[in-house]
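Asks: 3D model of this:
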Amino acid sequence: MVQEMTVVELKELLDSDEKVYLYDVRTEAEREICTIDGAVHLTQEVADSIESLPKDTKLVFHCHHGGRSYQAAAYFNQRGFTNVVNVAVGINAWSMAVDPSTPQY
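Replies: Got it, this is the predicted structure:
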């Protein structure tokens, strides 16, 4: 089952001491507009490397509005990962609620 978190919860997680595996599923063109610090672009190579992580690793996915990242999160959940989280409303909400300097598009 895919869990969801708000961008405020994501900010709290990023500010904590907890190890965070944050993946950005947007296109490279979208990432050129704006990014969340620490987010890794989810390429095929990165997706393959995720498979080697323990199945209880906390995997957090974000995109622009939450749809594509939900699909990525569901994929890894189906692959046996048990601590998979989608960031609801994605980087769009991040720019409104957490970091107003993040460009909206």
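Asks: C-alpha only now, for contacts and for neighbours.
Replies: Noted.
Asks: got a list of what residue 98 touches?
Replies: By Cα atoms under 8 Å, 6 or more residues apart in numbering, the contact set of residue 98 is 7, 8, 11.
Asks: which of these has the most neighbours?
Replies: residue 7 (24 neighbours; other Cα atoms under 10 Å).
Asks: thinking that residue is in contact with residue 97, fair?
Replies: Yes: counting by Cα atoms under 8 Å, residue 7 sits close enough to residue 97 to count as a contact (7.3 Å).
Asks: Can you name the residues bridging to the most centrally placed residue in the chain?
Replies: Nearest residue to the geometric centre of the chain (Cα atoms, centre = their mean): residue 61, 2.2 Å. Note on residue 61: beta-bridge partners by DSSP bridges are residue 23, residue 86.
Asks: That one and residue 17: what is the separation?
Replies: According to Cα to Cα, to the nearest Å, residue 61 and residue 17 sit 19 Å apart.
Asks: again with residue 66
Replies: According to Cα to Cα, residue 66 stands 25 Å off from residue 17.
Asks: one step back: which among the contacts of residue 98 gets closest to residue 75?
Replies: If you rank the contacts of residue 98 by distance to residue 75 using Cα to Cα, residue 7 comes first, at 21.2 Å.
Asks: Which of the contacts of residue 98 fall in helices?
Replies: Counted as lying in helices by DSSP state H, out of the contacts of residue 98, are 7, 8, 11.
Asks: Relative to residue 24, how far out is the nearest residue to the first one once chain neighbours are set aside?
Replies: I take that to be residue 7. Nearest non-adjacent residue to residue 7, counting by Cα to Cα, 6 or more residues apart in numbering: residue 94, 5.5 Å away. Using Cα to Cα, residue 94 is found at 13 Å from residue 24.
Asks: Now do the helices in the chain.
Replies: Using DSSP H, helices in the chain cover 7-15, 28-33, 44-50, 67-78, 90-97.
Asks: buried stuff in the fourth one?
Replies: Same thing as helix 67-78. Buried residues in helix 67-78, counting neighbours by 16 or more other Cα atoms under 10 Å, are found at 67, 68, 69, 70, 72, 73, 74, 76, 77.
Asks: what residues are up against residue 80?
Replies: Contacts for residue 80 (Cα under 8 Å, 6+ apart) come out as residue 55.
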